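Asks: Sequence first, then the predicted structure, then my questions.
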Amino acid sequence: MTYWLSAVCIAVKQGDTSLERMAGIREAYPSAMWALVFPQRIQTWNEQARTFERFVQSTGRMPQRTAFMNTEPSAGEVRLQNWVRNNRRTVDRLNVFKIDRLNQVPGFSWAPLEDRWDNNYERYIDFVEVHGREPHFSRVTGAESEENSLAIWANNQRRALTRKTLPANRVFKLVSLPGWADFR
């Protein structure tokens, strides 16, 4: 029994155990013994992960704490957003189990800002291919809001090119597009 407990402790620390296996072990052994196997910090992380998964499932989005929201986020959402951000920052210290668990949450990304930029870049290319022109900003709302958001994005990218604040990979992508001047 002692050998088995040691093996489970090592597996947990290395992240080599599945959630189902751990649930089965937890049911088979009393809680006092379980505390030896799963330290409090691991239990806390798993509880936060479950809360995060439920939040994404019920709202269909990641927790946010931005000025773009129509309402002020709840304290619980802010805590979840901080928890997600901390996990992204410490990915090099997370075990395989935690990384896999986060990767299974729909919409989760390790680099959401990069993903958003890439998505806008692809949307821009698609718009130009469909309409044969660059998106233009207009004060009309409604159907043109997609075009407006792309025009604003493109303007921000041109400004960043002029100021030389874009990373080299983004500069290369943008200046290779037809119609973009090389602002370097």
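Replies: That came through, no problem.

Asks: residue ranges of the strands in the protein, please?
Replies: Taking DSSP state E as the test, none of the chain falls into strands.

Asks: what stretches of this protein score poorly on pLDDT?
Replies: 1-38, 66-71, 139-144, 181-184 (pLDDT under 70).

Asks: domain assignment for this structure?
Replies: The chain breaks down by automatic domain parsing into domains covering 2-103, 112-175.

Asks: Leaving out sequence neighbours, find the closest residue to the residue positioned nearest the centre of the chain.
Replies: In the chain, the centroid-proximal residue (Cα atoms, centre = their mean) is Ser109; its distance is 2.9 Å. Spatial nearest neighbour of Ser109, chain neighbours left out: Asp115 (4.8 Å); criterion: Cβ to Cβ, 6 or more residues apart in numbering. (Each C-beta comes from the backbone N, C-alpha and C, glycine too.)

Asks: right, and that neighbour touches Tyr121 too?
Replies: No - in this structure, Asp115 is not within contact of Tyr121 by Cβ atoms under 8 Å, at 10.6 Å.

Asks: Name the residue in these two with the higher neighbour count.
Replies: Between Asp115 and Tyr121, counting by other Cβ atoms under 10 Å, Tyr121 is the more crowded of the two (17 against 12).

Asks: residues touching the more buried one, list them.
Replies: Contacts of Tyr121 were listed using Cβ atoms under 8 Å, 6 or more residues apart in numbering, and they are Lys173, Leu174.

Asks: how close does it get to Ser176?
Replies: According to Cβ to Cβ, to the nearest Å, Tyr121 stands 11 Å off from Ser176.

Asks: the helices in this protein, which residues?
Replies: For the chain, the helices defined by DSSP state H cover 2-14, 19-28, 31-37, 40-59, 75-89, 96-103, 112-131, 145-163, 168-175.

Asks: export those to CSV and tack on distance to Phe137?
Replies: Conversion of those to CSV gives the following (distance: least, Cβ to Cβ, whole Å):
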stretch, distance to Phe137
helix 2-14, 53
helix 19-28, 48
helix 31-37, 59
helix 40-59, 31
helix 75-89, 30
helix 96-103, 37
helix 112-131, 13
helix 145-163, 4
helix 168-175, 18
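
Asks: closest to Ser138 out of these?
Replies: Evaluated with Cβ to Cβ, these place helix 145-163 nearest to Ser138, the distance being 6.5 Å.

Asks: now that closest one and helix 112-131, what's the angle there?
Replies: When axes from the mean of the first three to the mean of the last three Cα atoms, to 10 degrees is applied, the directions of helix 145-163 and helix 112-131 differ by 120 degrees.
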